[in-house]
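[1] Provided below are the primary sequence and the corresponding predicted coordinates.
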Amino acid sequence: MSTSYWLDRTYRSDKKNYDVVIVGAGISGLSTAFWLNKEDPSLKIAIVEKHRIGFGASGRNAGFITCGSVEHFNRLISKHGLQEAVDIWKFAETNLKLLQEHIIQENGKEIEFAKRGAYSLAAQDNEFKELQNVAKTMRELNIPVETYSSSEVEKNVGAKNFVGGIKYLDDAETNPVLLLELMRSKIKADLFEGTEAHRYEQTAEGTRILKTDNGDFETSMIIYCLNGYSPNLHPYFDDKIYATRAQILMMEKAPPFMDGPCYANFYLDYFRQMPNGALLIGGFRQLEKTTEVGYSDHITPVIQNALHDFVKEHLPTLRDKKVTHRWSGIMGFSRDGQPMIGALPEDNQVYFAGGYTGHGIGLAFNTGKSLVDMIFGRDVPAWLSARRFS
Ligand SMILES: Cc1cc2nc3c(=O)[nH]c(=O)nc-3n(C[C@H](O)[C@H](O)[C@H](O)COP(=O)(O)OP(=O)(O)OC[C@H]3O[C@@H](n4cnc5c(N)ncnc54)[C@H](O)[C@@H]3O)c2cc1C
């Protein structure tokens, strides 16, 4: 991005020195810092964040910790082949296991974490047939999944007008901001909130200077963890990560009626009941696909009305409940739906992670681990490496 002379106030403050500077304090930046700490506790790390922790998608998402990816399992197989689809699935399963082992530990209740599985519901017969085929494939691979009839769906999650559904048993959910706070408490790094990074320069001595509106950071390595915001910092991301908006609506509390979070319409729409009884529903960006892009976090009547109509049609017990919150956030979609890690082609000391395509809570912790593997010379999966785009 470009910066005016007037805003470039670097001459006003001293240069700060760090071994590594991470840009972006969402789940990706924090996960990367966590694994760098583990790799080498002596590393001096700074995290530079334009607003505050979780200001981006990480503090605005629905809190599904989902296995797999943007598509259901059979579509993943047609796109990637069986072995890679299984690898992608296992990568997400490992993400959850690592989160539980290293971050959540005994604090599950505190961060509203629950592992109740997640339903995929079908409103049409052909959709249900497709989901049943997905369940068959998953069972053959020993992935735990169950199939439910229309009446069982209604009984288990209170949702009407669905033909049936399947439930993958190992998915989880959480309060994403409490998860970030817990993660932050386990990281040794200096956090600079309210600090916007503009660009970096290379010095004759081989260090990098990250220019920010809070002065210069001199460092050996920069890591961009900006997801949807990545193209603002470097043109390399222009044709690799696309800023894409998603909207959410929340309704006032009701007595518990859902035994797990739900997806509908092939992962495009989703809803879940919070531990306090409030209902969150998101999705429907397919209605305004061409305008649900870019960096503005406003909400639109078309999508907000569609979300509310969905509640009236499928969750009629909530039809008279008030809407308490409406919001949106910016995701980073990659070209093939999978996240990407790598170094800039012209600078092997400037790394990045991003492109989570709406699934960063289910993927970023393990992606941060893989990025640290890459930095320290260990192999990473080809489907995760940004080299697949060059
Ligand atoms: C409405 C919605 C619902 C979602 N639901 C789910 C879900 O249920 N499950 C799931 O897995 N995923 C979900 N996602 C996607 C998930 O939230 C993202 O994939 C994930 O949060 C990406 O994390 P990140 O750290 O890479 O990016 P972000 O959280 O976006 O963090 C990037 C950070 O960079 C900062 N930044 C930007 N520019 C600069 C700069 N120049 N200098 C310094 N800092 C800068 C931003 O302020 C931001 O905090 C959802 C997303 C949205 C928007």
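    Happy to help now that I have it. Computed from a predicted structure; not experimentally measured.
[2] Specify the local secondary structure of residue 180.
    Three-state call for residue 180 (DSSP: H, G, I helix; E, B strand; the rest coil): helix.
[3] Tell me the backbone dihedrals of residue 329, please.
    When read as degrees, to the nearest 10, the backbone of residue 329 gives phi -150, psi 170.
[4] How about the contacts made by it?
    Contacts for residue 329 were tallied using CB atoms under 8 Å, 6 or more residues apart in numbering; they are 56-57, 59-61, 245-246, 248, 297. (Glycine included, C-beta is placed from N, CA and C.)
[5] give me the low-pLDDT residue ranges for the stretch 101-250 of the chain?
    Judged by pLDDT under 70, the stretch 101-250 of the chain has no weakly predicted residues.
[6] What are the boundaries of the strands in the stretch 151-300 of the chain?
    With strands called from DSSP state E, counting those that start in this stretch, the stretch 151-300 of the chain shows them at 164-168, 172-173, 190-192, 197-202, 208-212, 215-224, 241-251, 262-264, 269-273, 279-282.
[7] so can I have TSV of those showing distance to the ligand?
    Converted to TSV, the strands of the stretch 151-300 of the chain look like this (distance: least, CB to the nearest ligand atom, whole Å):
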stretch	distance to the ligand
strand 164-168	14
strand 172-173	8
strand 190-192	9
strand 197-202	4
strand 208-212	7
strand 215-224	9
strand 241-251	4
strand 262-264	10
strand 269-273	7
strand 279-282	5
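[8] mind checking which of those strands is nearest residue 16?
    Nearest of these to residue 16, taken as CB to CB: strand 215-224 at 5.0 Å.
[9] Domains of this structure: list them as residue ranges, please.
    Using automatic domain parsing, the domains assigned to the chain come out as 9-59+178-240+337-389, 115-171+241-334.
[10] separation between the residue of the stretch 201-350 of the chain found nearest the ligand and residue 297?
    As assessed by CB to the nearest ligand atom, the ligand sits closest to residue 329 within the stretch 201-350 of the chain, at 2.8 Å. If you measure residue 329 against residue 297 using CB to CB, to the nearest Å, the figure is 6 Å.
[11] what residues are shared contacts of these two?
    60, 245.
[12] Please tell me the pLDDT value assigned to the closest residue to residue 312 other than its chain neighbours.
    Once flanking residues are discounted, residue 312 sits nearest to residue 319: 4.9 Å by CB to CB, 6 or more residues apart in numbering. With respect to pLDDT, residue 319 has a value of 88.
[13] do residue 11 as well
    So residue 11 comes in at 61 (pLDDT).
[14] which one is residue 124 nearest to, not counting chain neighbours?
    residue 163 (6.5 Å).
[15] Can you tell me how far the one you found is from residue 242?
    Per CB to CB, residue 163 is found 33 Å from residue 242.
[16] show me the contacts for residue 35.
    368-369, 371-372.
[17] just residue 303 next, same as before
    247, 284-285, 287-288, 292.
[18] residues from the stretch 201-350 of the chain in reach of the ligand?
    For the stretch 201-350 of the chain, the contact set with the ligand under CB under 6 Å from any ligand atom comprises 225-229, 232-233, 246, 248, 282, 329, 331.
[19] Just the buried residues of stretch 167-174, please?
    167-168, 170-174 (16 or more other CB atoms under 10 Å).
[20] my bad, stretch 248-267
    248-251, 254, 257-258, 260-267.
[21] before we move on, what about stretch 145-154?
    Buried-residue list, stretch 145-154, by 16+ other CB under 10 Å: 145, 147-148, 150, 153.
[22] who touches it?
    119, 121, 131-132, 134-135, 138-139, 156, 159-160, 162-169.
[23] Got phi/psi on whichever residue of the stretch 251-390 of the chain sits closest to the ligand?
    For the stretch 251-390 of the chain and the ligand, the shortest gap (CB to the nearest ligand atom) falls at residue 360, measuring 2.3 Å. Main-chain dihedrals, residue 360, degrees, to the nearest 10: phi -60, psi -30.
[24] Apart from its neighbours in sequence, what residue is nearest it?
    Leaving aside its sequence neighbours, residue 360 sits nearest to residue 27 (CB to CB, 6+ apart; 5.6 Å).
[25] still on that earlier bit, and the pLDDT for the residue of the stretch 201-350 of the chain closest to the ligand?
    At residue 329, pLDDT is 98.
[26] For residue 301, see how far away it is.
    As judged by CB to CB, residue 329 and residue 301 stand 18 Å apart.
[27] next one: residue 256
    Distance from residue 256 to residue 301, by CB to CB: 31 Å.
[28] Also residue 216?
    When residue 216 is compared with residue 301 (using CB to CB), they lie 44 Å apart.
[29] Look at these two and report which has more neighbours.
    Neighbours per residue (other CB atoms under 10 Å) separate residue 216 from residue 301, with residue 216 holding more: 18 against 7.
[30] Next, the contact list for the nearest residue to the more buried one once chain neighbours are set aside, please.
    By the measure of CB to CB, 6+ apart, the closest residue to residue 216 outside its immediate chain neighbours is residue 15, 4.6 Å from it. If you count contacts by CB under 8 Å, 6+ apart, residue 15 has them with 209, 215-218.
[31] that older thread, inside strands: which ones of the buried residues of stretch 145-154?
    The members of those that map onto strands under DSSP state E are 145, 147-148.
[32] any idea which of the residues you listed is the one closest to the ligand?
    residue 145 (19.0 Å).
[33] how far does stretch 212-219 sit from the chain's center?
    On the basis of CA atoms, centre = their mean, to the nearest Å, stretch 212-219 sits 27 Å off its chain's mean C-alpha point.
[34] swap that for stretch 275-288, sorry
    On CA atoms, centre = their mean, the centre of stretch 275-288 falls 16 Å from the chain's centre.
[35] end to end, how far does that stretch reach?
    This stretch, stretch 275-288, spans 31 Å end to end (CA to CA, to the nearest Å).
[36] thinking again about what came up before, make a PyMOL selection of the buried ones in the contacts of residue 15.
    The PyMOL command for the buried members of these (criterion: 16+ other CB under 10 Å) is given here:
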select buried, resi 209+215+216+217
